[in-house]
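S.K.: quick one: sequence and predicted model below, then my questions.
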Amino acid sequence: MCSSFWWLFVPIIFGQFYFARSHRTTTSNVLLAVGPITFHLLVYPAMIWALSAVFYENTFPYRQTLEYELTRYGFILLIVYPASLVLYRLVEGRKADVQPRPEAAAPHREATFARSLVVADGAKRIVLETKDILYFSASPPYIYVHHKTKRYLHNETLKSVLAKLDGGQFVRIHRSTIVNISEVRSFRSRSNGDYDLVISDGTELRLSRNYAAEFKTKIRPGHQLTAE
């Protein structure tokens with residue numbers, strides 16, 4: 001019969017862990033430590049009484065078994081259940097420490113893009129503000145930077161330079177051309193899907209049908225444009 005006392009630890013501790021997962025207050029911890037002790041004390045004598053009534057001629061009185069349990073095993077109960085709860089909390093805390101925590105929401109940052117471009121002018125290096133660039137044109141393996149004051153040969157590709165620029169200001173209009181939208185003054189359909197753009201210095205550029213949709217989405221209401 002004594003072995004029944006030890007077997008009771010298994011289901012009671014499992015029950016203690018089950019409730020400990022969702023109850024973490026100080027009051028809950030006290031109840032989770034004291035409750036299993038009380039439950040074990042009361043259930044063990046009842047179980048012994050029931051088993052003896054079924055399998056033995058003599059029935060063990062409930063009170064006698066309870067007194068025996070308190071005398072013989074009381075201190076074990078006082079140690080095991082509080083210790084099991086403490087152990088559970090320690091393991092739970094370590095798991096929480098090693099689990100990746102959701103990163104704090106990064107502060108909103110505005111998209112960064114180049115506001116200037118360094119180009120070569122003979123032996124000199126010149127810094128151009130991108131807002132003053134009219135357009136870029138391809139001249140493999142180089143590109144031309146068409147500034148308001150001068151045209152510069154630049155050692156870069158259209159793809160790489162476009163990645164640095166403000167996508168709201170510069171848009172590709174042809175596989176060989178990137179234009180500054182704010183410098184576009186008018187555009188006229190060629191009736192085949194292509195368009196002719198005229199920019200602020202009077203230069204006429206081809207807008208390919210493959211890039212027309214993106215170009216139109218980036219034209220702002222404030223742009224002074226003439227569509228023909």
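M.R.: Arrived safely. Residues are numbered from 1 along each chain as shown.
S.K.: which SSE is Ile126 in?
M.R.: strand 124-129 (DSSP states H and E).
S.K.: show me how far that strand is from its chain's centre.
M.R.: Chain-centre distance of strand 124-129: 40 Å, with C-alpha atoms, centre = their mean, to the nearest Å.
S.K.: tell me the strands beside it, with direction?
M.R.: strand 116-121 (antiparallel) (DSSP bridges).
S.K.: with just CA atoms, put the strand holding Ile126 into PDB.
M.R.: Extracted C-alpha coordinates of strand 124-129, given in PDB (Å, rounded to 0.1, in the frame of the first residue of the first chain):
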ATOM      1  CA  LYS A 124      38.700  67.500 -62.000                       C
ATOM      2  CA  ARG A 125      35.900  66.000 -59.900                       C
ATOM      3  CA  ILE A 126      32.600  67.900 -59.800                       C
ATOM      4  CA  VAL A 127      29.700  67.400 -57.500                       C
ATOM      5  CA  LEU A 128      26.300  67.800 -59.300                       C
ATOM      6  CA  GLU A 129      23.000  68.200 -57.400                       C
END
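S.K.: contacts for it, please.
M.R.: Residues outside strand 124-129 that contact it (C-beta atoms under 8 Å, 6 or more residues apart in numbering): Arg115, Ser116, Leu117, Val118, Val119, Ala120, Val145, His147, Tyr152. In this view, the C-beta of every residue, glycine as well, is placed from N, C-alpha and C.
S.K.: same thing but 10 Å
M.R.: 114-121, 145, 147-150, 152, 154 (C-beta atoms under 10 Å, 6 or more residues apart in numbering).
S.K.: who's in contact with the helix or strand hosting Ala213?
M.R.: In this assignment (DSSP H and E), Ala213 forms part of helix 209-218. Helix 209-218 is contacted from outside by 167-175, 177-179, 181, 184, 187, 189-190, 192-195, 197, 207-208, 227, using C-beta under 10 Å, 6+ apart.
S.K.: strands along the chain, start to end?
M.R.: 116-121, 124-129, 133-139, 142-147, 151-154, 170-174, 177-180, 184-189, 195-199, 204-207, 226-227 (DSSP state E).
S.K.: go through the ones you listed and pick out the most buried.
M.R.: strand 177-180 (a mean of 24; mean count of other C-beta atoms under 10 Å).
S.K.: who's in contact with the spatially closest residue to Tyr144 that is not a sequence neighbour?
M.R.: Once flanking residues are discounted, Tyr144 sits nearest to Ser137: 4.8 Å by C-beta to C-beta, 6 or more residues apart in numbering. Remark: with contacts taken as C-beta under 10 Å, 6+ apart, Ser137 is in contact with 143-146, 151, 158, 174, 176-179, 203, 205.
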